[in-house]
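# model the structure of this input:
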Amino acid sequence: MNYYVKVLQNYVNFEGRARRSEYWYFFLFNIIISVALTRVAMMTNSKVSFLSNIYALATFLPALAVTIRRMHDVGKSGWFCLIPIYNIILCATAGDVGDNEYGADPKAEEIAPM
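Numbers count the residues shown, from 1 in each chain. Have a look, this model is predicted:
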């Protein structure tokens, strides 16, 4: 859940890199919350269906930002998130070790002693 909150706090940050775990945990919690809101809307005869739409709109920019940062982690431009199957492959691929043109290695930053 920490990664989900971290992505929401960085919702307009399209620069830098995002680890695989940050991307996939955000994706997981986003799907869980979306499904739960849809179920609630279905049980209440669509009176509350606007909640799932509002949630989808509210998380669109954070999802796009973390996807672009994930593309940066594997050394690709953010535009690669527009290629349907290849972007999923890139999101599942391990990031570049060390710094690349998009920033410092986020894995090394978490491991480094303070």
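
# CA atoms for contacts and neighbours, from now on please.
Will do.

# contact partners for residue 38?
Residue 38 sits next to 49, 52 when contact means C-alpha atoms under 8 Å, 6 or more residues apart in numbering.

# quick check: next helix or strand after the helix or strand that residue 31 is a member of?
For residue 31, the host element (DSSP states H and E) is helix 20-43. The first helix or strand that comes after helix 20-43 along the chain, using DSSP H and E, is helix 49-58.

# what about that next one, distance to the chain center?
17 Å (C-alpha atoms, centre = their mean, to the nearest Å).

# show me what the following helix or strand past that helix is packed up against.
Elements were assigned by DSSP H and E; along the chain past helix 49-58, the next helix or strand is helix 60-73. Under the contact definition 3 or more C-alpha pairs under 8 Å, 6 or more residues apart in numbering; DSSP states H and E, helix 60-73 sits against helix 2-9, helix 20-43, helix 86-92.

# tally of neighbours for residue 89?
Residue neighbour count, defined by other C-alpha atoms under 10 Å, stands at 10 for residue 89.

# quick one: pLDDT of it?
At residue 89 the predicted local distance difference test score is 92.

# repeat for residue 47
At residue 47, the pLDDT value in this model is 63.

# quick one: the helix holding residue 31 to chain centroid distance?
Taking C-alpha atoms, centre = their mean, one finds helix 20-43 lying 12 Å from the centre of the chain it belongs to.

# if we can go back for a sec, in JSON lines: the helices and strands packed on helix 60-73, plus distance to residue 50.
Converted to JSON lines, those look like this (distance: least, C-alpha to C-alpha, whole Å):
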{"stretch": "helix 2-9", "distance to residue 50": "21"}
{"stretch": "helix 20-43", "distance to residue 50": "8"}
{"stretch": "helix 86-92", "distance to residue 50": "29"}
